[in-house]
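**Q** got a predicted model here, sequence first, then my questions.
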Amino acid sequence: MTALLAFQVGGACILVVPYLGNTFGVAAVTAVDGLMVGFGNVLCFAAFQRWAPPALLGRATGVVTLGIFGVHPLSVALAAIFTRDLGIASFFLFAAVTETAAIVFGLSQKSWRDFGMVEPGSR
C-alpha cells in the first residue's frame, strides 16, 4: 500500500508537468516523481522477493523484468502518437490517468492489497 501511494504521488507529479511553465518547477516535480517511483519500485521488488518461492525467484524476476522493460517500445510509440496528434500535454495526462487506472485496478484485487503482508505458505 505504501508503494501504491508513492506511485500515485508520482502520477500526480506527471500530471502537473505541462502546466508549470518554468524549468525549475518541472525539474523539482520530476525529481519528486523519480524519488517516488524509485521508492515504490524498491518496496515492490522487496515484497516480490519475499513472495516468490526461492526455487522460482530467478525465473519470476525475469518475467517481471520483461513485463517492465518489454513494454518500452509500446510506450514510446504511444508517446509519439499522442505528442504528434494531440500535443505534449495530452501525453502527460494519458500517463497520469493510465498509472492511476492501474493503481485502482490493483486495489480492486484482494491479492494485490495483501501483497507483501503475509508470508508465503502461512495461509
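**A** The structure has been received and is ready for your questions. Keep in mind that this is a model prediction, so the values were computed, not measured.

**Q** how much space between residue 34 and residue 86?
**A** Distance, residue 34 to residue 86, using C-beta to C-beta, to the nearest Å: 25 Å. For every residue, glycine as well, the C-beta is placed using N, CA and C.

**Q** again with residue 50
**A** 41 Å.

**Q** what residues are up against residue 37?
**A** 6-7, 10 (C-beta atoms under 8 Å, 6 or more residues apart in numbering).

**Q** work out for me the element it sits within.
**A** Taking DSSP states H and E as the criterion, residue 37 maps to helix 23-51.

**Q** repeat that for residue 81.
**A** For residue 81, the host element (DSSP H and E) is helix 72-86.

**Q** how about low-confidence regions in this structure?
**A** Regions of the chain meeting the criterion pLDDT under 70 cover residues 116-123.

**Q** which residue is nearest the middle of it?
**A** In the chain, the centroid-proximal residue (C-alpha atoms, centre = their mean) is residue 7; its distance is 5.6 Å.

**Q** thought residue 100 was touching residue 7, still the case?
**A** No - in this structure, residue 7 is not within contact of residue 100 by C-beta atoms under 8 Å, at 9.0 Å.
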